[in-house]
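Asks: Provide a 3D model corresponding to the input given below.
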Amino acid sequence: MIIIVATKGSSKWVSGVFQAEDVARQYMDLIPEELKEYQKFIQIENITYPFYIIERQDSPFRFLGKDEVISLFDKTDVSEDEDEVHFNIYTIDSDYRSNKPGTDYMGILRHDHVTNESIEMYREEGTAFLIRRRIL
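Replies: Next comes the predicted model:
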């Protein structure tokens, strides 16, 4: 899997996800020059669709399979801050490209903000909760 990740200051986003390297390179050619310096190719071995992008503040993106996501939910504890977002999880089930090459359009991806409430519901329902929320 080829993933184009951008970092500009404290902002980070995924510009594209591609199964084929040549398609990723063609997409990279469409990114305006002023944005190219922020883009980086990442090759992830042994991952197929669907997979999951985990976004945490002040951490690099993580790219996980289904079993790793379940393990992450198992290991995440509720916090004292009821408003805390533990992480955002994006479900990737096909190639993705930003509508404007090189920019942050991750909001259009199927995603969920994992809060204490999410963790508590997962503890009660298990993977049925993740399926109902369309995470898995």
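
Asks: checking the residue minimising distance to the centre of the chain next. Helix, strand or coil?
Replies: Nearest to the mean C-alpha position of the chain, counting by CA atoms, centre = their mean, stands Ile53 at 2.4 Å. Secondary structure for Ile53, judged by DSSP: H, G, I helix; E, B strand; the rest coil, is strand.

Asks: distance of it from Ala20?
Replies: When distance is defined by CB to CB, to the nearest Å, Ile53 is 19 Å away from Ala20. In short, each C-beta sits where N, CA and C put it, glycine included.

Asks: and Trp13, backbone torsions?
Replies: Backbone torsions of Trp13, given as degrees, to the nearest 10, read phi -160, psi 160.

Asks: mind listing what it touches?
Replies: Neighbour list for Trp13: 5-6, 98, 103-106 [criterion: CB atoms under 8 Å, 6 or more residues apart in numbering].

Asks: just these: which has the poorest pLDDT?
Replies: Going through those one by one, the lowest pLDDT turns up at Ser98, 91.

Asks: contact partners for it?
Replies: With contacts defined as CB under 8 Å, 6+ apart, Ser98 is in contact with 13, 15-16, 104-105.

Asks: at 10 Å what do you get?
Replies: By CB atoms under 10 Å, 6 or more residues apart in numbering, the contact list for Ser98 reads 4, 6, 13-16, 27, 30-31, 35, 104-106, 108.

Asks: hang on, the earlier thing: pull out the buried residues from the contacts of Trp13.
Replies: 5-6, 98, 105-106 (16 or more other CB atoms under 10 Å).

Asks: quick check: buried residues in whichever strand or helix holds Ile89?
Replies: Using DSSP states H and E, Ile89 sits within strand 85-92. The neighbour-count check on strand 85-92 (16+ other CB under 10 Å) flags 86-92 as buried.
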